[in-house]
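1. Got a predicted structure here, sequence first:
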Amino acid sequence: MNDNTAAVNSRRKIILSGIQPTGTFTLGNYLGAVKNWRRLQEEYDCYYFVADLHALTVYHEPAERRKASREAFALLLACGLDPAQSLVFIQSHVPAHAQMGWMLSCLSPFGDLSRMTQFKDKSAKHPEDINAGLFTYPALMAGDILLYQADFVPVGADQTQHLEFTRNIAARFNHVYGETFRLPEGYFPKAGARVMSLQEPTAKMSKSDENAKATIYILDDEKTILKKFKSAVTDSEAEVAFREGKDGINNLMTICSAVTGKSFEAITDEFAGRGYGDFKTAVGTAVADELRPIREEYARILADKAYLDAEIAKGAERASHIAEKTLKKTMRKMGLC
């Protein structure tokens, strides 16, 4: 083994992920993504960003958009992402993302983009606002990932197609222009990856759900959280057990396990013969206890404008330093500079 190979093998792997600033994070965002991001800081070089460029595919008032991006950044820090351990930044503050997105869109076959299921789904939901950004979204996402030479990207079941698109674009670029990009792999969290609606447990918990009882937001107060869990849809069996056909209880058990670390078997034993009322209260209390420190830290960060501004600026500077290296190399390969 030569020195270069040893250096590559000994380096910490890079994980990258982003989240859109479209409303307050849900319990699903937290348990399925952000809580795992916090843990990953110990093992990986972690790059996390507020994906405000991706959010442009839907119109928002400019002042509200800017405010939402700052709040999302503050919320990531409040959830335990440490700027001293991880790179945390706002996407649009690093111009290389938009530049790389355009360059990769020129290598993205129309057919591949048109087959993306997320484009089809969102187009069907909003036929009055099908824009080019929505269509080329995967190229920008590929740029986000490849700029930082990420080894792993945490993905849910609905995002694997985008990761495969990124790998294909990277492989195509490497074939045409020479080895440039690392091909990223998916990182699949073991638990809490898919939190469902409290009112329709066959559907994913969503920020945009019109039923206020369906979604837990991580800034909800304890009273609101308990009320929502008490009204959660279950079934008529009154048995706390994880099995097919018990979607509501399965969802509550998934949440309970992700928050407390208890196995499904332990949860079933604990609530044997106690009915759903006690179980819903226990899950609600556990979630409220988990989220309380986040809510308090978020309020503290937002109140300290100087600190928040400084962290946003530092994150942008660090991210730009890394991204510009890849961007310049890519531009040279394509004959742009």
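-> Structure's in. What do you need? Numbering: from 1, shown residues only.
2. tell me which element residue 257 falls in.
-> helix 247-260 (DSSP states H and E).
3. tell me the mean pLDDT for the next helix-or-strand element following that helix?
-> With elements assigned by DSSP H and E, the helix or strand that comes after helix 247-260 is helix 264-270. What helix 264-270 shows for mean pLDDT is 96.
4. Quick one: residues contacting residue 196.
-> 28, 202-205, 247, 251, 254 (CB atoms under 8 Å, 6 or more residues apart in numbering). Quick note: C-beta positions are derived from backbone N, CA and C, even for glycine.
5. From residue 247, how far off is it?
-> 7 Å (CB to CB, to the nearest Å).
6. those helices in the chain, which residues are they?
-> Applying DSSP state H to the chain gives helices spanning 3-10, 27-29, 35-40, 62-78, 96-105, 110-114, 117-125, 132-147, 160-177, 222-230, 247-260, 264-270, 275-303, 305-333.
7. can the ones you listed go into TSV with extra columns for distance to residue 51 and mean neighbour count?
-> Listed next are the helices of the chain as TSV, based on distance: least, CB to CB, whole Å; neighbours: other CB atoms under 10 Å:
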stretch	distance to residue 51	mean neighbour count
helix 3-10	29	8
helix 27-29	12	23
helix 35-40	14	20
helix 62-78	9	19
helix 96-105	9	20
helix 110-114	18	11
helix 117-125	14	13
helix 132-147	7	22
helix 160-177	12	17
helix 222-230	27	17
helix 247-260	23	22
helix 264-270	33	15
helix 275-303	19	17
helix 305-333	13	16
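8. Turn these into JSON lines, including distance to residue 186.
-> Shown next, in JSON lines, are the helices of the chain (distance: least, CB to CB, whole Å):
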{"stretch": "helix 3-10", "distance to residue 186": "21"}
{"stretch": "helix 27-29", "distance to residue 186": "18"}
{"stretch": "helix 35-40", "distance to residue 186": "13"}
{"stretch": "helix 62-78", "distance to residue 186": "21"}
{"stretch": "helix 96-105", "distance to residue 186": "19"}
{"stretch": "helix 110-114", "distance to residue 186": "18"}
{"stretch": "helix 117-125", "distance to residue 186": "16"}
{"stretch": "helix 132-147", "distance to residue 186": "11"}
{"stretch": "helix 160-177", "distance to residue 186": "5"}
{"stretch": "helix 222-230", "distance to residue 186": "31"}
{"stretch": "helix 247-260", "distance to residue 186": "19"}
{"stretch": "helix 264-270", "distance to residue 186": "25"}
{"stretch": "helix 275-303", "distance to residue 186": "26"}
{"stretch": "helix 305-333", "distance to residue 186": "21"}
